[in-house]
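In: sequence plus the predicted model coming up.
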Protein chains: 2
Amino acid sequence: MMDFELSVTSLIDHAERFHGKTKITSVPVVGGAETTTWAEVARNARRIARWLDHQGLATGARVGTLAWNTRRHLELYFAVPGAGCVCHTLNPRLHDDQLVFILNEAEDEILFFDIDQTDRLAAVQARLTSVRTFVALSRQNPEIASKIDGVVFYDDLIAATVDDFAWTKLDERAPAFLCYTSGTTGRPKGVVYTHRSTVLHTLACNQPDGMGLSAADCLLMVVPMFHVNAWGSPFMAACVGAELALPGPRLDGESLIDLINRTATTHALGVPTIWLGLLEALNRTGQKIDSLTRSIVGGAALPPSLIAEFRDRYDVHLIHGWGMTEMSPIGTINRPLAFHRNKSPEDRSCLAEAQGRPPFGMDMRLVGEDGEILPNDGQSKGVLQVRGPWVVDHYFKTAESALTTDGWFDTGDISSIDPDGYMRIHDRAKDIIKSGGEWISTVELENIAIAHPSITNAAAIAAAHKKWGERPVLVAVRSADVTEQEIREFYESKVAGWQVPDRVVFVDALPIGTTGKVLKSQLRAEFSDILT
Amino acid sequence: MMDFELSVTSLIDHAERFHGKTKITSVPVVGGAETTTWAEVARNARRIARWLDHQGLATGARVGTLAWNTRRHLELYFAVPGAGCVCHTLNPRLHDDQLVFILNEAEDEILFFDIDQTDRLAAVQARLTSVRTFVALSRQNPEIASKIDGVVFYDDLIAATVDDFAWTKLDERAPAFLCYTSGTTGRPKGVVYTHRSTVLHTLACNQPDGMGLSAADCLLMVVPMFHVNAWGSPFMAACVGAELALPGPRLDGESLIDLINRTATTHALGVPTIWLGLLEALNRTGQKIDSLTRSIVGGAALPPSLIAEFRDRYDVHLIHGWGMTEMSPIGTINRPLAFHRNKSPEDRSCLAEAQGRPPFGMDMRLVGEDGEILPNDGQSKGVLQVRGPWVVDHYFKTAESALTTDGWFDTGDISSIDPDGYMRIHDRAKDIIKSGGEWISTVELENIAIAHPSITNAAAIAAAHKKWGERPVLVAVRSADVTEQEIREFYESKVAGWQVPDRVVFVDALPIGTTGKVLKSQLRAEFSDILT
């Protein structure tokens, strides 16, 4: 058989050759909408790669992006690895100190940034030890030039060069992307994705039971491109030649409804918080999103009530997925099996609450407290460990292995796996509540609270308790008058009595981290003494 | 990132771990139906691999199969590569001489065979130079034992061993399968598929726009497992955990209708001839096939009338595909693009007659008569050349490259590619006869004719045929009195019955071109309607 290195650039080559005219709609940072095509993305990527190739970077040098989901960011996804460098995506919502730490640790030499990041970069520029060139993702702009020393402009680079660049030849195991974990358990750690791991993740996770993207789709990519490469969806879209809708920084419900209808979006990706906002806007404005058929939802547990409301009112199928930065990120997606065609709707919707089954390539096991392997019986709960060709083996700049002695990655999630392969996360190991030696799942308590008509969001945490060690406390945001007592009563028929939260505390808003997840550590700091 | 060798056995490992209970229905050679599961297929495959491992075979030794589509053949697909050997699938419809030639050239050391092949094997056993063990795919059977020296029985091997075998560790570029072309341009040539090429073909060609198989499907595998690994579908089914329906040798319309309804088949694969037979049986009996939604059809051009009738009467979507033994085999599949949602039904059905678009990994170009690259404009016609990680680079036991000097494989098909990437074959291979999806070599037919003492020259061409698509017709020049019937009888001991020309036409002389070659185009113009 012929042999080809698996490369990120082979994906854009395919999109250019066989889907060159396919449309990509992009909302710039300044608003409005641009349209481009896979052919133009490829041409611009080659131009930027050619420019990078002239900057004297070593193979594998880090090139940063601090940007939203736009067509220029998409071009960089192919330009940077195509020039033999590592594309290091950074989260614009990071605190300045985190941003400086990560840029310096990763030794990014060039930084591409969206222009709404100008002032913050100007403020931290003196603290950056490795970045030597800043590239604003815009046309020539004197105001930006006056703020950032030696800044150059993306559109000037495109205009000043030609697109005859031949992608840098690399081994398929060469690094292509770098993404830092959000560091909720301490300092952020870098995870490096290779060309090979990226292509295998693309092919294995876009199977019909995975992302399931086709050339007949228009994908609305709400999940940020700075967050685990937007779950790998830009590569899947290039691989199959799908249309794309890139929302820029506009992720509010109204903006998304507008973009969905403007592009005839069929498929969308995002975290539950985004879909809560979209649902609220749909219900409030009475607008429709008829083209949208399905959405893969991950990043946090998907409340069953959200699945039901999207299905019943808008005919949109929300599909549960699960993954981690360390896993490129896809671990499981929830799709039915052949024998489920005979199941009742209740059984099927109960099943849909699980995180789903792994695609080929991803292996999983449950490990008990004494290190024993637990059965996939749907009952046994243990720490979930994974392995596969798109799972980390060691963190960036770290010599020691990130794995168990027998080669598995420990996810830190308390899970069960049923005999049909469906994995269910009961809690993060650090979030789970241990009351009198028994585990209580915060995910389950939160799903129940969110199903209450007067609750818009909720987080369950462990509070210290003299007798039981820990007891559950619910921190909730309400949209209408409801009392603590009413919420506690709401639980009574739904969980065992000893699992009902001891207290319900109402707050105006939950603290949300940079990747859209609730910061439970902050809630624990505030409320963990409430029962003592 | 963790690294794993891409291996055929990783596919069955996944199916066993996450789809162990999923049902596989298999029609044995003797009739009836058995059911098994992916877990049992995996267990039996390990047992057979363990037995093979004890036979003293070198890594890469060839192990043949001469078998229909049954669960035992499926087990061998994983057992043989899992033991470090090469699974060489042989067509039970081959003429004895072809079978002996291929088995000897490939140096198969062990041959697994379906029991309806017993008598023919007994007849040729003495001519086989490499096979030292014959394994009947059945339980113990004294009649077979009396006919074939030293035969052993598959079910005995399974019963006599245990399933603790650990798959042989191999480099992912190690050979896994061997399949011979049907020898259109002379003698058949072997094509070797590696573990890596097989896994990449599986992942890339089962994308939603490819085979599109999911765990919610039951796949009816009509395409033979001796024919380019059933288009790779056993691997795709294991990869996603699909249910399977294996029809054994029963490919008539009634048997297929029965199997479809018994298994709730959703998806089917086969050549146009099979679907013509199925359609005839449906129309005649008034039966329904409600579970079947779609079928990928390849091996020969798909008549538009067949697409329309299946769609309008049975709500089954026939999808055009194209490939070659040298391509593992998938080259293109015909699926729509996003902008086609606005096209008229006429435009869409016209489009569906093309062979389709290549999946990621497959690259194609058109080359003109002077070696120039032609544009993908839908008008230019040239020889189709392909490349990709599942395309042959040299034939088995051949040192020289099978490729052009710049690394492409020349398909010999005259094609066009439109600006949206849809490839259309205008003049399949230039001389080849495709009868019911099977290739018939004109060179072979001509060589036999010319070997007859009364024939001086002969050319075989394809004549249009209502049922088989094409049938061979021989145009011959005789030097002495000989009848059409005598020539047809002359073929009977030399090729399989279905390869004998339907007609023999005698002419005074063959038209010869300037380079001394017979001008077949001229003969086709004159005789291609002779059978209609």
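Out: Perfect, thanks for sending it.
In: next, residue A:215: secondary structure please.
Out: Secondary structure assignment for residue A:215 (DSSP: H, G, I helix; E, B strand; the rest coil): coil.
In: okay, now it: neighbour count?
Out: Look at residue A:215: counted by other Cβ atoms under 10 Å in any protein chain shown, it has 26 neighbours. (Each C-beta comes from the backbone N, C-alpha and C, glycine too.)
In: is it true that it touches residue B:334?
Out: No: in this structure residue A:215 lies outside contact range of residue B:334 using Cβ atoms under 8 Å: 11.3 Å.
In: which neighbours do those two have in common?
Out: residue B:357 (Cβ atoms under 8 Å, 6 or more residues apart in numbering or on different chains).
In: three-state assignment of the residue of the stretch 351-500 of chain A found nearest chain B?
Out: Proximity of the stretch 351-500 of chain A to chain B (Cβ to the nearest Cβ) peaks at residue A:421, 3.6 Å away. Under three-state DSSP, the three-state class of residue A:421 is coil.
In: now swap in the one 10 residues further on and tell me
Out: When the structure is split into helix, strand and coil by three-state DSSP, residue A:431 lands in coil.
In: so what's the closest residue to it other than its chain neighbours up against?
Out: Nearest residue to residue A:431, sequence neighbours excluded (Cβ to Cβ, 6 or more residues apart in numbering or on different chains): residue A:442, at 5.2 Å. Contact analysis of residue A:442 by Cβ under 8 Å, 6+ apart lists A:427, A:431, A:432, A:433, A:459, A:460, A:461, A:462, A:472, A:520.
In: again, only this time at 7 Å
Out: By Cβ atoms under 7 Å, 6 or more residues apart in numbering or on different chains, the contact list for residue A:442 reads A:427, A:431, A:432, A:433, A:460, A:461.
In: list the buried residues for the host helix or strand of the first one?
Out: Which is residue A:427. For residue A:427, the host element (DSSP states H and E) is strand A:423-428. Within strand A:423-428, the residues scored as buried using 16 or more other Cβ atoms under 10 Å in any protein chain shown are A:423, A:424, A:425, A:426, A:427, A:428.
In: ok, now which ones touch the third one?
Out: The contact partners of residue A:425, taken as Cβ under 7 Å, 6+ apart, are A:301, A:322, A:355, A:413, A:415, A:443.
In: reformat these as JSON lines; add neighbour count.
Out: JSON lines is the format used below for the contacts of residue A:425 (neighbours: other Cβ atoms under 10 Å in any protein chain shown):
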{"residue": "A:301", "neighbour count": "23"}
{"residue": "A:322", "neighbour count": "28"}
{"residue": "A:355", "neighbour count": "24"}
{"residue": "A:413", "neighbour count": "24"}
{"residue": "A:415", "neighbour count": "25"}
{"residue": "A:443", "neighbour count": "21"}
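In: so which of these sit within strands?
Out: Applying DSSP state E to the contacts of residue A:425, the entries found in strands are A:322, A:413, A:415.
In: where's the dip in pLDDT among these?
Out: Ranked by pLDDT, the ones in strands among the contacts of residue A:425 bottom out at residue A:413, which has 91.
In: partner residues bridging that one?
Out: Going by DSSP bridges, residue A:413 is paired in beta bridges with residue A:428.
In: so how far is residue A:365 from it?
Out: Applying Cβ to Cβ, to the nearest Å, the value for residue A:413 to residue A:365 is 12 Å.
In: same question for residue A:325.
Out: Look at residue A:325 and residue A:365: by Cβ to Cβ, they are 20 Å apart.
In: what strand or helix carries the most far-flung residue of chain A relative to its centre?
Out: Farthest-out residue of chain A from its mean C-alpha position, per Cα atoms, centre = their mean: residue A:467, at 39.1 Å. Under the criterion DSSP H and E, no helix or strand holds residue A:467.
In: and it, how far from residue A:527?
Out: Taken as Cβ to Cβ, the span from residue A:467 to residue A:527 is 18 Å.
In: for the nearest residue to residue A:203 once chain neighbours are set aside, helix, strand, or coil?
Out: Among residues not flanking residue A:203 along the chain, residue B:203 sits closest, at 3.8 Å (Cβ to Cβ, 6+ apart). With three-state DSSP as the basis, residue B:203 sits in helix.
In: neighbours of residue B:203, just the number please.
Out: 29.
In: and the contacts of the least confident helix or strand in chain A by mean pLDDT?
Out: For chain A, counting by mean pLDDT, DSSP states H and E, helix A:345-352 ranks last in confidence among helices and strands (a mean of 78). The contact list for helix A:345-352 (Cβ under 7 Å, 6+ apart) reads A:307, A:320, A:334, A:336, A:340, A:422.
In: does the fourth one touch residue B:216 like I think?
Out: Yes: under the criterion of Cβ atoms under 7 Å, residue A:336 makes contact with residue B:216 at 5.2 Å.
In: which of the two has more residues huddled nearby?
Out: Neighbours were tallied for residue A:336 and for residue B:216 using other Cβ under 10 Å; the higher tally belongs to residue B:216 (20 against 17).
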